[in-house]
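**Student:** below are the sequence and a predicted model for it; my questions follow.
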Amino acid sequence: MKLFDVYSLYDIEPIKGSGNHVYTADGTEYLDLYGGHAVISVGHAHPRYVDAVSKQVAALGFYSNSVLNSLQERLAEKLGKASGYDDYALFLCNSGAEANENAMKLASFATGRSKILAFGHAFHGRTSGAVAATDNPAIQAPFNKTENVTFVPLNDLKAMKAALSTKEYAAAIIEGIQGVAGIHEPSTEFMHALANECKETETLLILDEIQSGYGRSGKFFAHQHHDIKPDIITCAKGIANGFPMGAVLISPAIEAKKGMLGTTFGGNHLACAAAISVLDIIEDEKLIENAASVGEYLIDELKKIPQISDVRGRGLMIGFEVDGFTGSDLRKKLLFDHHIFTGGAGKLTVRLLPALTISKKDADIFLTELKKAINS
């Protein structure tokens, strides 16, 4: 048997990590400014994280959701306090796509409506409903196509209001900051108008914070920069620092009914132990504050480089474009010639999604190597 060949792979295999660095078998060190696609939130092999996961797997790694699991209660309490949503309920699952899938299903259950409003260039995942709400025909099989999802341009107030005025949508789903699209943010004016329009039309507002949440933007959730409060929030990526996990935060106004949602592996003991340790580390090491300060420094310094034509983002969710380079070409040069992992989005954008632990020293190393790569 061989692997199903669906990934474009770089010819590099990290076999261990430490903090903001990964290493290959021959000992070559790479500065990781991509965090495995925004997943590594508290750094590779953080000692407290390793200890928490090791102790839990030695005790009980898994049992089903048919019995009590006090770790789920502890996680819900900690996440509520950390995020400011302590009056919301928590449903645990396994991935961001699954979180969005359950969020949209929940909205449909709650409203009795079947339609979802999504936004241009959105990415919400690769499962059936999540793909349908993702504005990318390349990943939509015929099976995924549906008339139940409508797309309008991001930040287009007129189009958004016109769609919601029909009062036929169960929910509007929007990313706190669009990541796959190339780091594009809804404006504060648009977020306020969307929240108000949803309220007036009894449409639930779902905030997809899978990539932009968990402190990455310099606040716990990116939408908190705009002072709005959605009905449902989805999380994944950095929630458990690499252990597969997703979560849905649900307004107390939405009624839970037995059996309406379910999962085999979601919220298992090992996942919860990992997620609890992540929240403890974020709080104790003030990583949200670090994301805000180092992110601001990186953005300011990137803007000073003459060849960089555009810089976008907040905190440690940054996209930039360089004159004379495609994003792919620059990423390859940084990876193979300068030993730095970065991400991409579209043809032109280089995407930075480092762990929230990144230091100003590592930021300076990146900036120095980036200038060399651009000028070589």
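**Tutor:** Looks like it arrived, so ask away.

**Student:** mind listing the strands for the stretch 201-350 of the chain?
**Tutor:** Assigned by DSSP state E, counting those that start in this stretch, the stretch 201-350 of the chain shows strands spanning 204-208, 232-235, 246-250, 308-314, 317-322, 340-341, 343-345, 349-352.

**Student:** could I get the fifth one in CSV with only the CA atoms?
**Tutor:** Think strand 317-322. C-alpha atoms of strand 317-322 as CSV (Å, rounded to 0.1, in the frame of the first residue of the first chain):
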residue,chain,number,x,y,z
MET,A,317,-1.6,36.1,12.1
ILE,A,318,0.3,38.0,9.4
GLY,A,319,0.3,38.0,5.6
PHE,A,320,2.6,40.0,3.4
GLU,A,321,3.5,40.2,-0.3
VAL,A,322,6.9,41.0,-1.9
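
**Student:** touching that strand from outside, list them.
**Tutor:** Applying CB atoms under 8 Å, 6 or more residues apart in numbering, the set of residues contacting strand 317-322 from outside is 38, 177, 179, 182-183, 211-212, 216-217, 222, 295, 298-299, 302, 307-313, 327, 330, 345, 348-353, 374. Where C-beta positions appear, they are placed from N, C-alpha and C, glycine not excepted.

**Student:** next: the third one.
**Tutor:** By CB under 8 Å, 6+ apart, the surrounding residues in contact with strand 246-250 are 79, 83, 85, 88-99, 102-103, 106, 210, 231-236, 239, 256, 266.

**Student:** all helices of the protein, in order?
**Tutor:** Secondary structure of the chain (DSSP state H): helices at 35-38, 47-59, 70-83, 96-111, 128-132, 157-164, 188-200, 269-284, 287-303, 327-338, 360-375.

**Student:** most tightly packed of these?
**Tutor:** Mean neighbours per residue, mean count of other CB atoms under 10 Å, is largest over the helices of the chain for helix 96-111, with a mean of 24.

**Student:** domain ranges for the chain?
**Tutor:** Annotated domains of the chain cover 14-46+286-375, 48-284 [automatic domain parsing].

**Student:** any idea of the mean pLDDT for the shortest one?
**Tutor:** I take that to be domain 14-46+286-375. Computed over domain 14-46+286-375, the mean pLDDT rounds to 97.

**Student:** just give me how far it sits from the chain centre.
**Tutor:** Relative to its chain's centre, domain 14-46+286-375 lies at 16 Å (CA atoms, centre = their mean, to the nearest Å).

**Student:** and for the longest one?
**Tutor:** Counting by CA atoms, centre = their mean, domain 48-284 is centred 9 Å from the centre of its parent chain.

**Student:** quick one: end-to-end length of it, please.
**Tutor:** Taking CA to CA, to the nearest Å, domain 48-284 runs 11 Å from one end to the other.

**Student:** can you check the shortest one too?
**Tutor:** In terms of CA to CA, the two terminal residues of domain 14-46+286-375 are separated by 28 Å.

**Student:** then stretch 303-310?
**Tutor:** First-to-last distance for stretch 303-310 - CA to CA - comes to 8 Å.

**Student:** out of the helices of the chain, which comes closest to D26?
**Tutor:** The closest of the helices of the chain to D26 is helix 327-338. By CB to CB, the value is 14.3 Å.

**Student:** the inter-axis angle of the closest one versus strand 317-322?
**Tutor:** 100 degrees (axes from the mean of the first three to the mean of the last three CA atoms, to 10 degrees).

**Student:** mind listing residues that contact helix 327-338?
**Tutor:** Residues from elsewhere that reach helix 327-338, judged by CB under 8 Å, 6+ apart: 10, 12, 30, 321-322, 340-351, 369-370, 372-374, 376.
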